[in-house]
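Asks: Pasting the sequence and the predicted model now:
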Amino acid sequence: MRKPPGLFRRLLASVLLVWTLGFLWFALFLPQPAGDVRTDGIVVLTGSGGRIPRAFDILRRHQADKLLISGVDTEVRPREFAAEYDVPPRLFACCVTLGYESVDTRSNAQEAARWIAARHISSVRLVTTDWHMRRAAFDLRIAGPKDLVIVEDAVRSRPSFKILFMEYNKLIARLIAWAAGW
């Protein structure tokens, strides 16, 4: 039995409409910075500017006791890193972990989950750019302990249409992969 010729077009139009409405929501309602919420730890993902300074600011204000910087290049040394961000050696030694294991958002979440479990952290502030927050938080929810409280602390940016387009499609692909069990 042949399908009516208009069925495919209607289905395609429906998918495109849902995608477009989702993209508008994604682009117009970007996550925001968190307030003065205290958490056990901070996880910051390397990448766009403003992320690491924001994480150190939170640490200096004693809104968390520990900090993981996930996605650090393997050639970066702790002393150089501390000097770059003007972090006193004592604060760096007690409270900062440089994570060298991750190469993408998914492996950031896996690295963070191991760090969280090893330190028995029950609440964490996730710091990343506003356009990246939804996918990063999703991956951390999947990888982290089920009862982990995640405070999303987005660093504001001015993303281009291209960045928003690419990130929205990465989020959709990640959700589909998760739903398919990948």
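Replies: That came through, no problem.
Asks: Next, the buried residues of stretch 128-145.
Replies: Neighbour-count burial for stretch 128-145, with 16 or more other C-beta atoms under 10 Å as criterion, is recorded at 128-140, 143-144. (Glycine included, C-beta is placed from N, CA and C.)
Asks: Name all residues that make contact with G144.
Replies: G144 makes contacts with 109, 112-113, 116, 124, 150, as judged by C-beta atoms under 8 Å, 6 or more residues apart in numbering.
Asks: Grab the longest helix from the chain for me.
Replies: Counting residues, the longest helix found in the chain (DSSP state H) is helix 5-28.
Asks: and the helix or strand that comes right after it, which strands flank it?
Replies: For helix 5-28, the following helix or strand on the C-terminal side (DSSP states H and E) is strand 41-45. Each strand pairing with strand 41-45, determined using DSSP bridges, is listed with its direction: strand 66-70 (parallel), strand 123-129 (parallel).
Asks: closest one to S14 among the ones you listed?
Replies: When the strands paired with strand 41-45 are ranked by distance to S14, counting by C-beta to C-beta, first place goes to strand 123-129 at 31.5 Å.
Asks: now the very next helix or strand once past the closest one, how far from the chain's geometric center?
Replies: Using DSSP H and E, the next helix or strand after strand 123-129 towards the C-terminus is helix 133-143. Going by C-alpha atoms, centre = their mean, to the nearest Å, the spacing between the C-alpha centre of helix 133-143 and its chain's C-alpha centre is 6 Å.
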